[in-house]
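> Whatever this is, show me its structure:
(chains A and B)
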Amino acid sequence: MSEIFNDVPAGTHPAYASPEYKSTMLRAPSRPLIRLPQTLTEVTGPHPGADIVGPTEGDFTKCHGGEALGERIIVTGRVLDEDGRPVPNAVLEIWQANAAGRYNHAVDRHDAPLDPHFEGNGRVTTGADGSYRFQSIKPGAYPWGNHHNAWRPNHIHFSLFGPGVATRLVTQMYFPGDPLLALDPIFNCIPDAEARARLVSHFDIGVTQPDYALGYRFDIVVRGRHATPMEN
Amino acid sequence: MPGLTSSQTVGPYFHLGLIRDGQSNLVGPLTKGERIAIEGLVIDGPGVPVTDAMIEIWQANAAGRYDHPTDTQDKPLDPAFHGFGRAAVDKTGHYRFETIRPGAVPGRGNALQAPHIAVTVFARGLLLHLNTRLYFAGEPLNDTDPVLGLVLDEAARRTLIATPVAGAAIPTYRFDIRLQGDNETVFFEI
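This is a model prediction of the structure:
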């Protein structure tokens, strides 16, 4: 017996073709995906012991000899599977805009200032209990070209390697109470309302560090496993 | 039971968090196996090159073993090969990896899978990444590969077969990825 990853519940992931998010329309496959019963290829995957993503860096608040501008935040949470089991040694790669809503990226032409003391990227690994933590600056909202007066809500990008290719996940973490969430096509392309709500972090006074930074909690849940007679 | 976390697009700025030098070269001087390169173009529905895609690959070593605790086959690991690669496409939509030709790995039941590489595509406009597989032209095991066998349409199956590039310095295979439309690449739900 081997273990394969559970099916993804309907409504969890957005449809590839989501007309409200215009860029999907020329990039979404037009044919239905072919269901591939998982093999050794899909239940294995890159793992951090092999140094796949470089050194970890969990403090984005200072670089190049100075402190980044903006509201300092601490983001922490756990990476779990659907059975609530911690996922240790998961690599989280993180990137985000600065406090003014500008990415340190050549393609970003938004007329907002770059911050010489903020690069906005880093990597952390989960501990034995699946927990991770990093500190950063709350990213600003920024306009984008999807439709008239379109603005992305404050968000942080996460890329995650779980145990296998089948658990690969790229997502975005949002902030509670953001009025732009209701208007954002990327967020609202997720069909299931509870699944959408899970992408919104929770303010946590217990994580908040006195005189230093506000704390937010964001758990990430990857597919669980069940036994299957893969060899038979 | 905690609910699964939803996918969101990598957006156009993923290089900032995900791309570092050296990730597209999987081999070192001590890696065992036949050196190969894989290259290709990513295009969208109208056939326009996609210039902000990221490709990840995952493969077995030359002996057909994955460097992962779940793979308990009695085959050697190669300390000089992990099997993961990542590349952003360039301004013309092209990507390239240098790696080794993977050995065959078992599939379900007693079926042997043909040598293949798992390929994952990320891009702005993809709210969920796409999974496909790269197989090698001329490989006899392709005829009996159980996953290729899932693709009934022969033209569609051909989108999964990388073809040799003539005149390259090392054996090079071309694997274009067409996200949508004519000759659309076969993508898998895994």
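> Please tell me how far the nearest residue to B:T163 once chain neighbours are set aside sits from B:P171.
Distances taken as C-beta to C-beta, 6 or more residues apart in numbering or on different chains place B:A137 nearest to B:T163, at 4.7 Å, with adjacent residues excluded. Backbone N, C-alpha and C define where each C-beta goes, glycine included. Distance of B:A137 to B:P171, given as C-beta to C-beta, to the nearest Å: 11 Å.
> hey, what's in contact with both of these two?
B:P164 (C-beta atoms under 8 Å, 6 or more residues apart in numbering or on different chains).
> just for chain A, where's the confidence low?
Within chain A, the stretches with pLDDT under 70 are A:1, A:48-55, A:229-232.
> So which residue is dead centre in chain B?
B:V119 (2.8 Å; C-alpha atoms, centre = their mean).
> phi, psi of the residue of chain B found nearest chain A?
Per C-beta to the nearest C-beta, B:G17 is where chain B lies closest to chain A, at 2.8 Å. Note on B:G17: its backbone torsions stand at phi -100, psi -20 [degrees, to the nearest 10].
> State the helix or strand in which the residue of chain A found nearest chain B lies.
Per C-beta to the nearest C-beta, A:W95 is where chain A lies closest to chain B, at 2.8 Å. Element membership of A:W95 [criterion: DSSP states H and E] is strand A:91-96.
> If you count contacts, what does that strand end up packed against?
If contacts are counted by 3 or more C-beta pairs under 8 Å, 6 or more residues apart in numbering or on different chains; DSSP states H and E, strand A:91-96 sits against strand A:121-125, strand A:131-137, strand A:155-161, helix B:15-18.
> Give me whichever of the ones you listed is most buried.
Burial of these is given as mean neighbour count (mean count of other C-beta atoms under 10 Å in any protein chain shown); strand A:155-161 ranks first at a mean of 25.
> Could you check how far that one is from the centre of its chain?
Centroid separation for strand A:155-161 versus its chain: 2 Å, with C-alpha atoms, centre = their mean, to the nearest Å.
> Would you list the strands that it pairs with, along with their directions?
In the sheet, strand A:155-161 lines up against strand A:91-96 (antiparallel), strand A:169-174 (antiparallel) (DSSP bridges).
> In this structure B:T159 contacts B:D182, no?
No: counting by C-beta atoms under 8 Å, B:T159 stays clear of B:D182, with 10.6 Å between them.
> For these two, indicate the residue with more neighbours.
Neighbour count, other C-beta atoms under 10 Å in any protein chain shown: between B:T159 and B:D182, B:T159 has more, with 18 against 9.
> For burial, what's the neighbour tally of the nearest residue to that one once chain neighbours are set aside?
With sequence-adjacent residues excluded and distances taken as C-beta to C-beta, 6+ apart, B:T159 is closest to B:T185, at 4.5 Å. By other C-beta under 10 Å, the residues close to B:T185 number 23.
> I'd like the distance between B:T185 and A:A17.
When distance is defined by C-beta to C-beta, B:T185 is 16 Å away from A:A17.
> Pick out the residue nearest the middle of chain A.
In chain A, the centroid-proximal residue (C-alpha atoms, centre = their mean) is A:F158; its distance is 2.6 Å.
> What residues of the longest helix seen in chain A count as buried?
For chain A, the longest helix by residue count, based on DSSP state H, is helix A:193-198. For helix A:193-198, the neighbour count (16 or more other C-beta atoms under 10 Å in any protein chain shown) marks A:A195, A:R196, A:R198 as buried.
> so who does the first one touch?
This means A:A195. By C-beta under 8 Å, 6+ apart, A:A195 lies in contact with A:G11, A:T12, B:G3, B:L4, B:S6.
> In this structure A:P29 contacts B:G181, no?
No: counting by C-beta under 8 Å, A:P29 does not reach B:G181; the two are 9.3 Å apart.
> what about those two, which has more around it?
More crowded of A:P29 and B:G181, by other C-beta under 10 Å: A:P29, with 20 against 15.
> which non-adjacent residue is nearest that one?
Residue nearest to A:P29 in three dimensions, not counting chain neighbours: B:F187, with 5.3 Å by C-beta to C-beta, 6+ apart.
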